[in-house]
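Novice: My questions are about this predicted structure, shown below with the sequence.
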Amino acid sequence: MKFSDELTLLLKARYPIIYINTIEEDRVEYIIRKNIKTTLNRSIYSWDFVDGYTNNPNNEGFAKRNPLQALELVERLTAETPAIFLLKDFNRFFTDISVSRKLKNISRILKLQPKTIVIIGSELNIPKELQDLITVLQFNLPFESEINQELNRLISSLNIKIDQQLFENLSQACQGLSLERIRRVLSKIIATHKTIDENCITILLSEKKQIISQTEILEYWSVNEKITNLGGANNLKDWLKKRKTSFGIQASNYGLPTPRGLLLVGLQGTGKSLTAKAIANEWQLPLLKLDVGKLFGGIIGESESRLRQTINVTESLSPCILWIDEIDKAFSNHESKGDSGTSNRVLATFISWLSEKTKPVFVVATANNVNLLPLEIIRKGRFDEIFFLDLPNKQEREEIFKIHIQDFRPNNWKTFDFSKLAQLSESFSGAEIRQSIIEGMYQAFYEKREFTTADICLAIKELIPLALLETDQTLKLQDWASSGRIRLASSKPIYIN
């Protein structure tokens, strides 16, 4: 249901107090006034703490800096006067016992008279004693149609023409921004470039980065990793290739559901994080990294609030990739003690969103130890697929050596003996292979010469891979993967001796 329709329904049903959660104060007030003018015959009284009541000459400045007096105006008006009282930032006074008590008393009058209190606030913090009286109404950021209308207005005022593809790219780049912010950024674009072109998208994306950084939980990642930088994992690459274009209009018209997400399980250094970055680059979608550790706040209820805020920001910036690194450390299936059940509540909120989300947010979660993950997360329906990234086999190790050495020495990479390097590096992960190359380079640089295959071979012999240090855990993970309960990223898994 549209916001204006839902608001009208609540007003007609005489809901006493409506709380609109939004940062777009001016936009929501404009929509309310426009809606009331066309559907309901009610007077609107607008109040804020600094200026008191405005837009009504009889009460101009009344209840200035006095929230309790602002509520008294509701009682002063005759019972036959239909009215809406817009109280801005009034949620900040909920903790005042006199204000809280007044709201309870006045709600009895509101149920019998055509009067409604509408509170506009940017933070959802309703105390328990008022939760039964207040109905929360979420005011979403501008929809695509509103963004397109604003872009058309700007293009028309500048008397310029842009092609349809650029218009669609601009519209998508604006999603997740408030209407006021869109106008401000577009003004900045015109002042900088004097026109609208592809360069405008960069400025819009930088504005999104600011929004993300303000959450302190999400981080915007600029990536240039390619899927070809991931050695082996042919099954995983093929799976991703088939879903590359599934976020477009054609896929939607075909009736194809948007991909939900991917859980990558495997040993450290096998390319799980690299895969998340490569997906974002390959699919040309923004990559947001969730710092799960920062979700858990010290105040009861704060963690759940932070998660909801993160979900709202992520969905507003969709389509996008949400990367959750080492999810097993955040949501352990061992009972968390001393956190008043916070971990369980955050987990419940998270998995509920995973199952029910409708926005095109592709979640890429990584885990090193699947035994720590609750069954609720790995159950089908949370993610489209769960892949196991094992240690690379000889052929894959050879491919990984080629990728990294070609990156370090693009002119003479063919002079290295990749077969020998792959033979010596059994039980090495992709990250350990890269580190052995770097160690060989350090040795050659110290001796003031070019590094060779021999330098890398020496580094390989001195480096002890993690799989040999934690053999039991590695074997347990590989046995679990071979049981058929998880899909293998590579077609030829190997096992350590």
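Specialist: Yes, it's here. Just so it is clear, the structure is predicted and the values come from calculations on it, not from any experiment.
Novice: Need the pLDDT of S206.
Specialist: Confidence at S206, expressed as pLDDT, is 78.
Novice: Please report how far it lies from E168.
Specialist: Going from S206 to E168 by Cβ to Cβ, to the nearest Å gives 20 Å. Heads up, the C-betas are built off the backbone N, CA and C, glycines and all.
Novice: At which residues are the strands of the stretch 351-497 of the chain located?
Specialist: Ranges of strands in the stretch 351-497 of the chain, per DSSP state E, counting those that start in this stretch, are 361-367, 385-389, 487-488.
Novice: quick one: strands adjacent to the longest one?
Specialist: Using DSSP bridges, the strands paired with strand 361-367 in its sheet are strand 261-266 (parallel), strand 320-324 (parallel).
Novice: Flag every buried residue along that strand.
Specialist: Going by neighbour count (16 or more other Cβ atoms under 10 Å), the buried part of strand 361-367 is V361, F362, V363, V364, A365, T366, A367.
Novice: Now do it against strand 385-389, angle only.
Specialist: 40 degrees (axes from the mean of the first three to the mean of the last three Cα atoms, to 10 degrees).
Novice: tell me how far strand 361-367 is from the chain's mean position?
Specialist: Centroid separation for strand 361-367 versus its chain: 11 Å, with Cα atoms, centre = their mean, to the nearest Å.
Novice: let's have the chain start at 12 instead
Specialist: Sure, I'll start numbering at 12, so the last one becomes strand 372-378.
Novice: what's the distance between I448 and F462?
Specialist: With the distance defined as Cβ to Cβ, I448 ends up 8 Å from F462.
Novice: Once you drop chain neighbours, what's closest to N210?
Specialist: Closest residue to N210 apart from its sequence neighbours, by Cβ to Cβ, 6 or more residues apart in numbering: H204 at 5.8 Å.
Novice: Quick check, that neighbour in contact with T213.
Specialist: No: the pair H204 / T213 is not scored as a contact, 10.4 Å apart, by Cβ atoms under 8 Å.
Novice: hmm, who's touching stretch 30-40?
Specialist: Here stretch 30-40 makes contact (Cβ atoms under 8 Å, 6 or more residues apart in numbering) with 57, 97, 99, 102, 129-135, 137, 145-150, 152-153, 189-191.
Novice: re the thing from before, using CSV, please lay out the strands of the stretch 362-508 of the chain together with mean pLDDT and distance to N240.
Specialist: Output for these, formatted as CSV (pLDDT from 0 to 100; distance: least, Cβ to Cβ, whole Å):
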stretch, mean pLDDT, distance to N240
strand 372-378, 93, 16
strand 396-400, 91, 14
strand 498-499, 88, 20
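Novice: Tabulate these (JSON lines), appending distance to I332.
Specialist: Converted to JSON lines, the strands of the stretch 362-508 of the chain look like this (distance: least, Cβ to Cβ, whole Å):
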{"stretch": "strand 372-378", "distance to I332": "5"}
{"stretch": "strand 396-400", "distance to I332": "15"}
{"stretch": "strand 498-499", "distance to I332": "20"}
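Novice: Quick one: end-to-end distance for stretch 62-75.
Specialist: Using Cα to Cα, to the nearest Å, the end-to-end distance of stretch 62-75 comes out at 5 Å.
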